[in-house]
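Asker: predicted model, plus sequence, below.
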Amino acid sequence: QVQLVESGGGLVQAGGSLRLSCAASGRTLSNYAVGWFRQAPGKEREFVAAIGWSGGSTYYADSVKGRFTISSDNAKNTVLLQMNSLEPEDTAVYYCAASRLRVGALVALYDYWGQGTQVTVSS
């Protein structure tokens, strides 16, 4: 079993940047596909970005493509989400999740979830 802890959230002005980290313990994260999801108040959890096993292929939601970058740091057993050009619409709790099966955008694919980190973008 893998435990995930997100960090790096906070309050930022529109146009600013944040870098989220997803640190894993219990298992080597490179053996899993890892995704970032977000959930705004009153909305369903939605896919943001994902990276395949051992930092393979990357995938992004259209809404963040060109602004967000997902990457893995295997030495630190961590997956990062660099978020640039943030918009108020990016405000949400951001979760990382790990999948034993495969990378993808569906919430149901992911077996392990972190507790989330709040990102607030002011206009």
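Answerer: Thanks, I have the structure now. Numbers count the residues shown, from 1 in each chain.

Asker: measure stretch 71-78 end to end?
Answerer: 9 Å (Cα to Cα, to the nearest Å).

Asker: next, the buried residues of that stretch.
Answerer: Residues 72, 77, 78 are the ones in stretch 71-78 that count as buried (16 or more other Cβ atoms under 10 Å). The C-beta positions use only the backbone N, C-alpha and C, and glycine is treated the same way.

Asker: of all those, which comes closest to residue 101?
Answerer: Nearest to residue 101 among those, counting by Cβ to Cβ, is residue 72 at 17.6 Å.

Asker: can you confirm that closest one is in a strand?
Answerer: Yes: checked against DSSP: H, G, I helix; E, B strand; the rest coil, residue 72 lies within a strand.

Asker: quickly note the distance from residue 29 to residue 82.
Answerer: With the distance defined as Cβ to Cβ, to the nearest Å, residue 29 ends up 17 Å from residue 82.

Asker: these two: who's more crowded?
Answerer: Using other Cβ atoms under 10 Å, the more surrounded residue of residue 29 and residue 82 is residue 29, with 27 against 15.

Asker: from memory the more buried one sits against residue 76, does it?
Answerer: No: contact between residue 29 and residue 76 fails when scored by Cβ atoms under 8 Å: they sit 9.2 Å apart.
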